[in-house]
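Undergrad: coordinates only, sequence not included:
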DNA sequence: GCAATAGTGTCTCTGAGACAGTATCCG
DNA sequence: CGGATACTGTCTCAGAGACACTATTGC
């Protein structure tokens, strides 16, 4: 080929639960364009052998970038959508493979403490600073995916610690879906879905301690978890 | 940047209903690599202003390519997944944005008659020739998306003519989902979902003519169309 | 004991599914 | 009229949701 290929990047929307809100992790951007603004963690896909190690896929590129820039590997990472166009990056025609990452707050908190990222609420009441590129839009796309999958998958469990209480999971649900679920029915449906397994660990907080559960690794989809309010 | 960007292409999995099977439209590949094999319609994304007109997005690139190579615009086109890696194209590290296209058979048939594409069954009993690149895998990914969305959306209606009978839609369902649905209940659920509108057109075939329906353009998702057998 | 949270038993009522019946076309 | 296909009425039964109850901790 004689022509210049488009720019190919990966951007990762890292979400976690903090202070009763879904929050996104952002980095400060130091180089032009958009120097000084907040940005999603992301970067170029390494495909040219001349420049060093080559990524195995865009998702592997996302993992490499998170590890390198943040020393962080998320509990959950998935490709969401590829946003593209001639004007979204002033440097030229570009495509960005958006990834959604989920992790428990306790770990993301250490990234915040280390000054690597800052957290900003995106749901239910977004409060975002001006962002670089079209990153605001990319966040919306990733958030839409999370909300869409929330009702029929165990995705939200990845926002919690490895062992969690059913009440924790229910709270995550209620936050993301904007509903209030019945305690007894939620419990029954979650257990009937056979996606969780008891962790033989009691977790207490005020009243009777709760049974701890963890995700069964192989199960992700659930038939009709919440029929929808 | 001084390094070479990865190759960015678009590949389109065009599916239609023919002879009681889901079939994919393939083109003969004439250039190396993989000359002589069958391939998905696809091509490079145009991002370099020096080479002529520039695409507005990868989906627009897919539409341009289909129009140029096949003189065809599908009724439905959506981005599915971006497959990528160092080895999937011998020419270098490449990413392909897979698109799923759906259209009624009557129109695809004219493409076949014009010698532009050939149809090959992919479901329920696949019979595919050896394909170029990893196109076999790309077809599987697109097919997985179609099956996943079939039960909770009106996607399958795009495999039918603009005006269709409920029995046609039910047959498409049964084929893709591998189930047999109750005629009366299927009708009630489809109409209750409020996704179809009567077309004031009777369509006959042997017995009592059936009411023709068309898709309501704005509605795509359905709460719980088929609860699953 | 009380407050707080975890977990269970059970009733109700909707709505999915099964099935039989009626309607309308062609010959 | 019979065959074929379209459409409707209605019964049943599972399961979602509501809610009251019991269980186990800390004080």
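TA: Cool, the structure landed. Quick caveat: nothing in here was measured; it's all calculated off a predicted structure. Numbering: from 1, shown residues only, chains lettered A, B, ... in the order given.
Undergrad: what pairs with the longest strand along chain A, parallel or antiparallel?
TA: Among the elements of type strand in chain A, defined by DSSP state E, the one spanning the most residues is strand A:7-18. In the sheet, strand A:7-18 lines up against strand A:21-28 (antiparallel), strand A:42-44 (antiparallel), strand A:94-102 (parallel) (DSSP bridges).
Undergrad: how about the residues of chain A by chain B?
TA: Residues of chain A lying near chain B by CB under 8 Å from any CB of the partner chain: A:1, A:3-8, A:44-45, A:47-48, A:50-51, A:54-58, A:79, A:81-82, A:84-86, A:92-95, A:97, A:223-224, A:227-228. Every C-beta, even on glycine, is put in place using the N, C-alpha and C of the backbone.
Undergrad: can you do 6 Å?
TA: Selection of chain A residues close to chain B by CB under 6 Å from any CB of the partner chain yields A:3-8, A:45, A:47-48, A:51, A:54, A:56-58, A:82, A:84-86, A:93, A:95, A:97.
Undergrad: so which of these sit within helices?
TA: residue A:58 (DSSP state H).
Undergrad: buried among the residues of chain A next to chain B? Make that a PyMOL selection.
TA: Burial among the residues of chain A next to chain B is assessed by 16 or more other CB atoms under 10 Å in any protein chain shown; the matching PyMOL selection reads:
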select buried, chain A and resi 4+5+6+7+8+45+47+48+54+56+57+58+82+84+85+86+93+95+97
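Undergrad: and residue A:148, which helix or strand is it part of?
TA: helix A:135-150 (DSSP states H and E).
Undergrad: neighbouring contacts of that helix?
TA: For helix A:135-150, contacts defined as CB atoms under 6 Å, 6 or more residues apart in numbering or on different chains pick out A:11, A:13, A:24, A:39-40, A:80-81, A:98, A:100, A:122, A:155-156, A:176-177.
Undergrad: next structured bit after that helix?
TA: helix A:166-177.
Undergrad: list the contacts of the one residue sitting closest to the centre of chain A.
TA: Nearest residue to the geometric centre of chain A (CA atoms, centre = their mean): residue A:101, 2.8 Å. Residues in contact with residue A:101 (CB under 6 Å, 6+ apart) are A:12, A:14, A:74, A:77.
Undergrad: what of residue A:44?
TA: Residue A:44 neighbours (CB under 6 Å, 6+ apart): residue A:9.
Undergrad: measure it to residue B:192 for me?
TA: Distance of residue A:44 to residue B:192, computed by CB to CB, to the nearest Å: 49 Å.
Undergrad: and the residue of chain A nearest DNA strand C?
TA: Of all residues in chain A, the one sitting closest to DNA strand C is residue A:207 (2.3 Å; CB to the nearest atom of the strand).
Undergrad: assumed that residue was part of a helix.
TA: No - assigned with DSSP: H, G, I helix; E, B strand; the rest coil, residue A:207 falls outside any helix and is coil.
Undergrad: residues near it, how many?
TA: 6 (other CB atoms under 10 Å in any protein chain shown).
Undergrad: same thing with residue A:121?
TA: 16.
Undergrad: can you check the one 3 residues further on too?
TA: Using other CB under 10 Å, residue A:124 is surrounded by 11 other residues.
Undergrad: and residue A:134, by the same measure?
TA: 18.
Undergrad: so it is in contact with residue A:88, correct?
TA: Yes - using CB atoms under 6 Å, residue A:134 is in contact with residue A:88, at 4.9 Å.
Undergrad: according to the record, where do the domains of chain A fall?
TA: A:7-150, A:155-215 (automatic domain parsing).
Undergrad: nearest to residue B:65, out of those domains?
TA: domain A:7-150 (14.4 Å; CB to CB).
Undergrad: end-to-end on that closest one?
TA: 32 Å (CA to CA, to the nearest Å).
Undergrad: is DNA strand D within reach of that domain?
TA: No - under the criterion of CB under 7 Å from any atom of the strand, DNA strand D is not reached by domain A:7-150; the shortest gap measures 14.3 Å.
Undergrad: got it, and stretch A:159-179?
TA: No - for stretch A:159-179, no contact with DNA strand D is found by CB under 7 Å from any atom of the strand; the gap never falls below 9.3 Å.
Undergrad: buried residues in that stretch?
TA: For stretch A:159-179, using 16+ other CB under 10 Å, the buried residues are A:159-161, A:163-166, A:168-173, A:175-177.
Undergrad: for stretch A:76-96, same thing?
TA: A:76-86, A:88-89, A:92-96.
Undergrad: do stretch A:37-44 as well
TA: A:38-44.
Undergrad: let's have the residues you listed in CSV, adding pLDDT and distance to residue B:70.
TA: Formatted as CSV, the buried residues of stretch A:37-44 follow (pLDDT from 0 to 100; distance: CB to CB, whole Å):
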residue, pLDDT, distance to residue B:70
A:38, 98, 44
A:39, 98, 40
A:40, 98, 37
A:41, 98, 40
A:42, 98, 35
A:43, 97, 37
A:44, 96, 33
